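In: sequence plus the predicted model coming up.
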Amino acid sequence: MANVDSIVQVRDLVVEYHLENGFVRALDGITLDIQQGEILGLVGESGCGKTTLGNALLRVINPPHRISRGSIHFQGVGNIVDLSPRELQHYRWERIAYVFQSAQNALNPLLSIEDQARVVMQSHRTVSKETARARLTDLLQLVNLEPRRILHAFPHELSGGMKQRVGIAMALLLEPAVVVLDEPTTALDVISQAMVLNILRRVHDQLHTTMIFITHDMSVIAELCDRVAVMYAGRLVELALVNDIFFTPAHPYAKGLLQAVPSLEGDPMALRPIPGQPPDLRQSLTGCRYAPRCPVKMEPCGTVEPGLTQVTDTHSAACLLIDAPALEKEMR
């Protein structure tokens, strides 16, 4: 049953990428509720499907790639999988916006920041040049940028951290209910990272915007997020409140991610990397996808694919150590 406070409901979502010899499933049966006003972290290794899920929420999976199964219901909009091109134009930016990892590639190098903002606003609404400038001015101040310096600047005149903050301001132009942020701190120095995280928290507190934060950095998750969705090989393997992920993780993969992070206590070099490599999604996969790398795997893990099972009311994980009914059925 969907959470009554959910703004996005993803159900059995399958996204396939086209290859020369067929399709590969980058997302395989994702079911997830995103709650109104939360900051949800999507975490996992490169290639696990985090960015693909973010792209699917905006339906920017372009042919020959495809959403081959499932639905994405957005509150007040309906199933975005069924939206027409005209409906999608209004859905994007107005209801949901995207902040890209590489800000320098997301901004038009031939237009000033003010001109870019005006193009965005006037493509969706009838607004004057003055109204667009006033809206951008307010948002630049919100992200700790000086409007007099930024409005007439071109992207190449700004630092990486400044461009990332401009990207955040641009995403908020049309007051979307949801913002997807794809690793917005990855290419920044430590000081700029801290500034961007503080700005995102302030934006969330002031505007009550629902945020989906895509990252591989567990420290960023701890700093910013309310809930965490852990992904592995195109599937969701754990979903919990941020404190539960860090203090009582239930899935061996989530535990492995935490053990691979340097600790401020004890020997900082005593890391425990996860052995092996993620599976090749081009191959036919059976059983638990993490089993070949799992330190606690059992015989049924090679044949039984676990589904998400409730650990507590706010915590679920996909592991046969939790999914006792599935395990008992397999061992009979």
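Out: Sure, I can see it. Numbers count the residues shown, from 1 in each chain.
In: can you give me the strands for the stretch 151-300 of the chain?
Out: Assigned by DSSP state E, counting those that start in this stretch, the strands in the stretch 151-300 of the chain fall at 178-182, 210-215, 227-232, 235-241.
In: closest one to residue 23 among those?
Out: strand 235-241 (16.6 Å; CB to CB). Placement of C-beta: from N, CA and C, glycine included.
In: where does pLDDT dip in the stretch 101-250 of the chain?
Out: 104 (pLDDT under 70).
In: need the contact list for the residue most central in space within the chain.
Out: The chain has residue 214 as the residue nearest its centroid, 3.4 Å off, counting by CA atoms, centre = their mean. Residue 214 sits next to 41, 42, 50, 51, 54, 180, 181, 182, 183 when contact means CB atoms under 8 Å, 6 or more residues apart in numbering.
In: what helices and strands are in contact with the biggest helix by length in the chain?
Out: Scanning the chain for the longest helix, with DSSP state H as the assignment, gives helix 190-207. In terms of contacts (3 or more CB pairs under 8 Å, 6 or more residues apart in numbering; DSSP states H and E), helix 190-207 is packed against helix 129-142, helix 160-171, strand 210-215, helix 218-224.
In: pull the residues that contact it.
Out: 39, 142-144, 159-161, 164-165, 168, 172, 175, 181, 184-185, 188, 209, 211, 213, 220, 223-224.
In: and the buried ones among these, selectable in ChimeraX?
Out: Buried subset of the contacts of helix 190-207, written as a ChimeraX selection, criterion 16 or more other CB atoms under 10 Å:
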select :39,142,143,161,164,165,168,172,181,184,185,188,209,211,213,220,223,224
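In: the helices in the protein, which residues?
Out: Using DSSP H, the helices of the chain run over residues 50-57, 85-94, 103-106, 113-122, 129-142, 147-150, 160-171, 190-207, 218-224, 242-247, 252-259, 324-331.
In: just name the most buried of those.
Out: Neighbour counts (mean count of other CB atoms under 10 Å) averaged over each of those peak at helix 160-171, with a mean of 23.
In: picking up where we left off before, can you redo the contacts of residue 214 as a markdown table with distance to residue 151?
Out: What follows is those, written out as a markdown table (distance: CB to CB, whole Å):
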| residue | distance to residue 151 |
| --- | --- |
| 41 | 33 |
| 42 | 33 |
| 50 | 33 |
| 51 | 31 |
| 54 | 29 |
| 180 | 26 |
| 181 | 23 |
| 182 | 26 |
| 183 | 27 |
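In: send me stretch 59-74 as CSV with only the CA atoms.
Out: Backbone C-alpha positions of stretch 59-74 (Å, rounded to 0.1, in the frame of the first residue of the first chain) are rendered in CSV as follows:
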residue,chain,number,x,y,z
ARG,A,59,11.2,10.4,-18.1
VAL,A,60,14.4,11.3,-20.0
ILE,A,61,15.0,7.7,-21.0
ASN,A,62,15.3,8.3,-24.7
PRO,A,63,14.8,5.7,-27.5
PRO,A,64,16.2,3.1,-28.2
HIS,A,65,16.4,2.8,-24.4
ARG,A,66,13.0,2.3,-22.8
ILE,A,67,10.9,2.0,-19.7
SER,A,68,9.6,-1.5,-20.5
ARG,A,69,7.4,-2.1,-17.4
GLY,A,70,6.0,-0.4,-14.4
SER,A,71,4.6,3.0,-13.4
ILE,A,72,5.7,6.2,-11.9
HIS,A,73,2.8,8.1,-10.3
PHE,A,74,3.4,11.7,-9.4
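In: show the average pLDDT along that stretch.
Out: For stretch 59-74, mean pLDDT is 94.
In: what residues are up against residue 253?
Out: The contact partners of residue 253, by CB under 8 Å, 6+ apart, come to 230, 232, 237, 238, 274, 290, 293, 294.
In: ok, and the most crowded of those?
Out: Counting neighbours by other CB atoms under 10 Å, residue 238 comes out on top of the contacts of residue 253 with 29 neighbours.
In: for that residue, give its distance to residue 228.
Out: Remark: distance between residue 238 and residue 228 (CB to CB, to the nearest Å) = 8 Å.
In: joint contacts of the two?
Out: Taking CB under 8 Å, 6+ apart as the criterion, residue 238 and residue 228 both touch residue 245.
In: returning to that earlier point: out of the strands of the stretch 151-300 of the chain, which gets nearest to residue 247?
Out: Smallest distance to residue 247 across the strands of the stretch 151-300 of the chain (CB to CB): 9.8 Å, for strand 235-241.
In: show me what that closest one is packed up against.
Out: strand 22-35, strand 227-232, helix 252-259, strand 315-317.
In: give the partner strands of that strand in its sheet and their orientations.
Out: Paired strands of strand 235-241, with direction, are strand 227-232 (antiparallel), strand 315-317 (antiparallel) (DSSP bridges).
In: okay, those in a markdown table with distance to residue 125 next?
Out: Listed next are these as a markdown table, based on distance: least, CB to CB, whole Å:
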| stretch | distance to residue 125 |
| --- | --- |
| strand 227-232 | 33 |
| strand 315-317 | 40 |
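In: out of these, deepest packed?
Out: Greatest average neighbour count among those goes to strand 227-232 (a mean of 24), per mean count of other CB under 10 Å.
In: and it with strand 210-215, angle?
Out: Counting by axes from the mean of the first three to the mean of the last three CA atoms, to 10 degrees, strand 227-232 lies at 40 degrees to strand 210-215.
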